[in-house]
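Enquirer: task: produce atomic coordinates for the following.
(one chain, ligands or ions: 2)
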Amino acid sequence: RLAEQALVEAVRLQSIFDALLRIARIESGRHDAGFRSVDLSTLLADAVEFHLPDAEARGQKVENHITAGLTLDADPNLLFQAVSNLLDNAIKYTPRAGRVTITLARGEEVVTFTVEDTGIGIAAADLPYVFERFWRADRVRSRASERGGFGLGLAICQWIAQAHGGQLSVQSRLGRGSTFTVTLPLAGAP
Ligand code: ATP
Ligand code: MG
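Expert: Ligands and ions are numbered 1, 2, ... in the order given. Below is the predicted model:
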């Protein structure tokens, strides 16, 4: 259904555009615009639920290790988008019967959430580039995924982490799987 697809694409573009505007606003110093106390545990669980049908349609198992009651001063829309981008990738780049694991834990001064998959992984040589905007691994892989992307998901994710004073990192092994980790300071953005 063409019309349906066009609508899905339009909504996707709109949400990317929204995120970029919010990030720009935070970076221009008006960060409190969208910041408030956010229950990260609930937000993460909601994001997982949102993506669950996708994972199930692909025969993947989704495992949650979400510590309850973790709150943080943040922009909830942006955080949802960041988690959503990571989940989208984990599901998209993991074959049938694979597993996606989401973890949320509290450290002394940070909260950490990870999205781990048993998917196709990323070559060591490619790892330095994955956060670059518009970067996508080899064309074969891009074509193989039925949902073509822009190569923007991880760049946005990193900008969102940084806008909250945090960071995004990745560990991966080709053919084995990947783990993306977002670390956010509990004190909020500086
Ligand atoms: P978009 O997110 O804009 O729809 P995309 O998924 O291709 O498109 P990114 O999310 O920025 O873009 O990811 C960049 C590239 O990194 C992907 O094209 C893919 O090659 C690789 N990649 C990202 N996440 C994973 C993952 N979990 N497993 C394997 N490869 C990944
Ligand atoms: Mg993506």
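
Enquirer: rest of the way, CA atoms for contacts and neighbours
Expert: OK.

Enquirer: going along the chain, name the strands of this protein.
Expert: Per DSSP state E, the chain carries strands over the ranges 36-39, 61-66, 71-74, 99-106, 110-117, 167-173, 177-185.

Enquirer: strand 110-117 and the second one, what's the angle between them?
Expert: Looking back up the chat, that one is strand 61-66. Going by axes from the mean of the first three to the mean of the last three Cα atoms, to 10 degrees, strand 61-66 is angled at 170 degrees with respect to strand 110-117.

Enquirer: is strand 61-66 in proximity to ligand 1?
Expert: No: with Cα under 6 Å from any ligand atom as the criterion, ligand 1 is not reached by strand 61-66; the gap is at least 13.7 Å.

Enquirer: and what of the longest one?
Expert: Yes: between strand 177-185 and ligand 1, judged by Cα under 6 Å from any ligand atom, the touching residues are residue 178.

Enquirer: so in that sheet, which strands flank that strand, and in what orientation?
Expert: strand 110-117 (antiparallel), strand 167-173 (antiparallel) (DSSP bridges).

Enquirer: residue 23: which of those strands is closest?
Expert: strand 167-173 (14.2 Å; Cα to Cα).

Enquirer: now do that closest one: distance to the chain's middle.
Expert: Distance of strand 167-173 from the chain centroid (Cα atoms, centre = their mean, to the nearest Å) equals 12 Å.

Enquirer: my read is that residue 96 contacts residue 62, right?
Expert: No: assessed by Cα atoms under 8 Å, residue 96 is found out of contact with residue 62, at 12.0 Å.

Enquirer: more crowded one of those two?
Expert: Legend: neighbour count by other Cα atoms under 10 Å for residue 96 and residue 62, higher for residue 62 (19 against 15).

Enquirer: okay, and the beta partners of that one?
Expert: Per DSSP bridges, the residues bridged to residue 62 are residue 100.

Enquirer: any idea how far residue 93 is from it?
Expert: 14 Å (Cα to Cα, to the nearest Å).

Enquirer: next: residue 73.
Expert: 31 Å.

Enquirer: what residues does the chain have near ligand 1?
Expert: Near ligand 1, when you scan the chain using Cα under 6 Å from any ligand atom, you find 89-90, 93, 119-122, 130, 135-137, 149-155, 178.
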